[in-house]
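Novice: 3D model of this:
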Amino acid sequence: MIRKLWSHLLHWKMALLLFLKPLGFVGVGVLAAIDASVFAIPMDAIIAVYVWSNRRYFWVYAIMGAAGSAVGALVPFYIGRTGGEWVLLKRIPRAKYDQMRARFDRHHWLAVLVPAAMPPPFPFKVFAFGAGVFEMRAVPYMVAVFVGRTAHYLVTALLVVYFGPEIMTWMGLHTMLLLSVFAALVTAYLLYKIFRRRRDRARKKTLGADTK
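Specialist: Purely as a prediction, here's the structure:
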């Protein structure tokens, strides 16, 4: 039964791709919205095909894909807002939940932007769900998704322009390596921000003590 359902789903996705491909820029936006909201679609491969067929407007495909993702990502966001707190509290202690909420409140922009910029199979929808649970405002949330996805799709488009669509095969084979490098860079950036914030606080305390 599950195999049959999965087979029908794959056929439906292929039919959708064939139907929307001739729509060009609009088709990219619609597919990205579906990918961010309900069904996972290989958006990098789709953007690669579109860009290779019309390399002059590579940036338009990236922006349209990001815009579609920002709209589609409202689905897991509002699901998290309506019932996500109850779901999380059934799985983790209240103290842990409050700790997660405090962290999200401090870094909510990066907590959405960075996952949105990550390549698949990074679970972006989990963070979209969390943004709804922790009551991030909708407009900043959409902006963060848009910026993150724009960065991701622009990188994909530029790689295709300079190296051809074959680069997507290489990236697929080395996804875990790319994720590890990206995660290391993000971790280094966050540690730098924490260090800089603590250093600024120490300076303020020193200046305050000198003035007394």
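Novice: per-domain residue ranges of the protein.
Specialist: Domain assignment for the chain by automatic domain parsing gives 2-166, 174-212.
Novice: okay but residue 38 is in contact with residue 74, surely?
Specialist: No. The pair residue 38 / residue 74 is not scored as a contact, 11.8 Å apart, by C-beta atoms under 8 Å. Glycine gets a C-beta too; all of them are placed from N, C-alpha and C.
Novice: Need the overlap of contacts for these two.
Specialist: Here residue 38 and residue 74 share no contacting residue, scored by C-beta atoms under 8 Å, 6 or more residues apart in numbering.
Novice: Next, name the residue at the spatial heart of this protein.
Specialist: In the chain, the centroid-proximal residue (C-alpha atoms, centre = their mean) is residue 116; its distance is 1.4 Å.
Novice: By mean pLDDT, show me the worst of the domains of the chain.
Specialist: Set side by side, these give their lowest mean pLDDT on domain 174-212, at a mean of 65.
Novice: Show me what stretch 116-134 is in contact with.
Specialist: Where contact means C-beta under 8 Å, 6+ apart, the residues beyond stretch 116-134 that reach it are 36, 40, 42-44, 69, 73, 76-82, 84-85, 88, 100-101, 104-105, 108, 111-112, 115, 141, 144-145, 147-149, 151-152, 171, 175, 178-179, 182.
Novice: tell me the most buried of the domains of the chain?
Specialist: domain 2-166 (a mean of 17; mean count of other C-beta atoms under 10 Å).
Novice: Let's see which of the contacts of stretch 116-134 end up in helices.
Specialist: 36, 43-44, 69, 76-82, 84-85, 88, 100-101, 104-105, 108, 111-112, 115, 141, 144-145, 147-149, 151-152, 171, 175, 178-179, 182 (DSSP state H).
Novice: Alpha carbons of stretch 125-132, in PDB - could you do that?
Specialist: This file holds the C-alpha atoms of stretch 125-132, laid out as PDB (Å, rounded to 0.1, in the frame of the first residue of the first chain):
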ATOM      1  CA  LYS A 125      11.000  22.700   7.500                       C
ATOM      2  CA  VAL A 126      11.900  21.800  11.100                       C
ATOM      3  CA  PHE A 127      13.200  25.300  11.600                       C
ATOM      4  CA  ALA A 128      10.300  26.800   9.800                       C
ATOM      5  CA  PHE A 129       8.000  24.900  12.200                       C
ATOM      6  CA  GLY A 130      10.100  26.200  15.100                       C
ATOM      7  CA  ALA A 131       9.800  29.800  13.900                       C
ATOM      8  CA  GLY A 132       6.000  29.400  14.200                       C
END
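Novice: Appreciated, that's everything.
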